[in-house]
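1. Structural data only, the sequence is not supplied:
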């Protein structure tokens, strides 16, 4: 949660927004409470619980930061299947609940790593490299599916293509390799 979630929550609250955070554990709830967030404990794969949590929050906007990312990049292969399932299936449940609850705006986490550049620098208009080598194409196809889901939705939507995060609480903070203290690069919902 620290790389994106903590600064995002802090800024939203500073700007006067009420923030509700969904987590599946009491540990995650404790961390969210420290930031002054309203808590909803729900498994992202439980349609009823997600819908109830979203309805209770009376959310105007949803920021989908559902991920299962490891503490270090070397562990990415072990997390890939679980992360993809959470983003696609869990995110699909969150998106459907958002539609059912009348949410006005949906912001989807995406990635700027798997863009098709065609010999030039990629930019926001660049398509995802869905026909690249199998490893790259697999990730690009997942992000294409996430973007398509929200951008073709009836909710006002944005797909935010993230890159690397540097600094405190990221994989690239000073000493992260030595201390093993690197944190996920996105809100994990833990």
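-> Cool, the structure landed. Computed from a predicted structure; not experimentally measured.
2. All the helices of this protein, in order from the start?
-> In order along the chain, the chain carries the following helices (DSSP state H): 5-14, 26-33, 47-57, 76-85, 91-100, 134-151, 176-179.
3. quick one: average confidence on the fifth one?
-> Helix 91-100 comes out with an average pLDDT of 98.
4. between that helix and helix 76-85, what angle do the directions make?
-> 30 degrees (axes from the mean of the first three to the mean of the last three C-alpha atoms, to 10 degrees).
5. Same question for the first one.
-> Orientation check (the same axes, to 10 degrees): helix 5-14 against helix 76-85 gives 40 degrees.
6. For helix 5-14, the averaged confidence score.
-> Per-residue scores along helix 5-14 average to 90.
7. before we move on, back to that, could you identify which of the helices of the chain is most buried?
-> helix 91-100 (a mean of 20; mean count of other C-beta atoms under 10 Å). Heads up, the C-betas are built off the backbone N, CA and C, glycines and all.
8. So which elements touch it?
-> In terms of contacts (3 or more C-beta pairs under 8 Å, 6 or more residues apart in numbering; DSSP states H and E), helix 91-100 is packed against helix 47-57, strand 61-64, strand 105-111, helix 134-151.
9. who's in contact with that helix?
-> Contact with helix 91-100 is made by 22, 44-47, 50-51, 54-55, 59, 62, 64, 66, 106, 108, 146, 149-150, 153-155, as judged by C-beta atoms under 8 Å, 6 or more residues apart in numbering.
10. So for residue 33, which of the helices and strands packed on helix 91-100 sits nearest?
-> helix 47-57 (15.0 Å; C-beta to C-beta).
11. thinking again about what came up before, can you lay out the helices and strands packed on helix 91-100 as JSON lines showing distance to residue 170?
-> Formatted as JSON lines, the helices and strands packed on helix 91-100 follow (distance: least, C-beta to C-beta, whole Å):
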{"stretch": "helix 47-57", "distance to residue 170": "28"}
{"stretch": "strand 61-64", "distance to residue 170": "19"}
{"stretch": "strand 105-111", "distance to residue 170": "15"}
{"stretch": "helix 134-151", "distance to residue 170": "19"}
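12. quick one, which of the ones you listed is nearest to residue 37?
-> The nearest among the helices and strands packed on helix 91-100, by C-beta to C-beta, is helix 47-57 at 10.4 Å.
13. Relative to its centre, which residue of the protein is most distant?
-> residue 119 (29.3 Å; C-alpha atoms, centre = their mean).
14. backbone phi and psi for that residue, please?
-> In terms of degrees, to the nearest 10, the main-chain angles of residue 119 are phi 80, psi 0.
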